[in-house]
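> Sequence first, then the predicted structure, then my questions.
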Amino acid sequence: MFSGLDIEKLVNVYVVPWFINIALAIVVFIVGRLIAKGLVKVLERLLVRAKVDSMLVEFIGSIASAGLLLLVIIASLDMLGVNTTSLIAMLGAAGLAVGLALQGSLQNFASGVLLIIFRPFKIGDFVEAGGTTGTVEKITIFNTIMLTPDNREIIVPNGAVYGGTITNFSARDTRRIDMVFGIGYGDDIKKAKNILMNAMESDERILKDPAPVVALAELGDSSVNFMVRPWVNRADYGNVKYTLNEHIKSAFDENGISIPFPQMDIHMDQAA
């Protein structure tokens with residue numbers, strides 16, 4: 001049986017130091033985490049002042065935040081008396097094992113680094129990548145976050161983005177609109193061509209250089225197809241395309257130019 005003196009000694013020698021260490025570990029974790037967040041914000045501000053691309057700023061901030069948090073956790077465990085040297089060695093071995101098991105995640109991380117270094121697009125660009133079309137909002141350690149035109153947020157693995165074809169619609173200031181309009185074989189070709197050209201010349205948003213092109217592209221099975229290719233500023237692409245469709249259809253109707261569509265003739269034999 002323990003006497004009162006023994007219990008008091010046990011408490012003073014073991015229990016009190018243990019609670020003190022726990023309290024210190026909690027304090028170290030909380031304070032360290034706040035300091036880590038502050039350091040990350042300072043780093044991001046310095047990068048912004050240095051006019052570093054916002055995509056690179058967010059990516060570096062994410063990596064710095066994860067690394068500092070790991071240091072804070074190790075420091076907190078050290079306050080509890082945990083042998084951090086052995087812990088670091090164990091973490092290294094565990095990291096190797098996890099890395100072999102999570103090769104896909106490591107590929108996404110490496111692809112994220114390559115996206116940052118080679119920068120095939122930047123934040124705000126409208127791209128087609130990884131099977132998704134949308135505006136790039138953010139590149140994280142493992143994923144690229146994109147916003148579709150109908151306001152859906154799509155999270156695409158960096159490996160799928162960098163490992164496939166990337167089409168950047170925002171990389172150039174101008175774009176060409178490719179359209180095809182078909183008329184009937186009995187319609188006046190020169191008249192239709194003039195209508196198409198006038199529709200483009202009357203729109204001030206269509207650039208004069210490069211000049212718009214109208215050419216007879218194909219003699220189809222049921223229509224004579226014209227290729228229409230105007231150049232516009234990138235921001236006007238969608239609006240000009242929709243406006244041209246409407247104006248050309250109205251102009252064809254006013255001038256008696258037909259737009260063929262697939263038809264099916266059905267022949268019925270009447271029984272005797």
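Received it, and whenever you're ready, just let me know what you need.

> Please report how far residue 59 lies from residue 143.
Counting by CB to CB, to the nearest Å, the gap from residue 59 to residue 143 is 11 Å. All C-beta spots, glycine's among them, are computed from the backbone N, C-alpha and C.

> Revised request: answer the last question for residue 182.
Distance from residue 182 to residue 143, by CB to CB: 43 Å.

> which of the residues in the longest helix belonging to the chain are buried?
The helix that spans the most residues within the chain, counting by DSSP state H, is helix 16-49. By neighbour count with 16 or more other CB atoms under 10 Å, helix 16-49 contains the buried residues 25, 28, 29, 32, 33, 36, 40, 43, 44, 47.

> rounded to a whole number, what's the mean pLDDT of whichever helix or strand comes after it?
Toward the C-terminus, helix 16-49 is succeeded by helix 54-79 as the next helix or strand (DSSP states H and E). Mean pLDDT, computed over helix 54-79, is 78.

> which helices and strands sit right next to helix 54-79?
Packed against helix 54-79, as judged by 3 or more CB pairs under 8 Å, 6 or more residues apart in numbering; DSSP states H and E, are the following elements: helix 16-49, helix 84-101, helix 103-118, strand 132-139.

> Comparing these, which yields the minimum mean pLDDT?
Across the helices and strands packed on helix 54-79, helix 84-101 gives the lowest mean pLDDT, at a mean of 59.

> on that earlier part again, which member of the buried residues of helix 16-49 is positioned nearest residue 209?
residue 47 (39.2 Å; CB to CB).

> burial measure for the residue nearest to the closest one when sequence neighbours are not counted, as a count.
Computed as CB to CB, 6 or more residues apart in numbering, the closest residue to residue 47 that is not its neighbour in sequence is residue 57, at 4.6 Å. Applying other CB atoms under 10 Å, we find 18 residues neighbouring residue 57.
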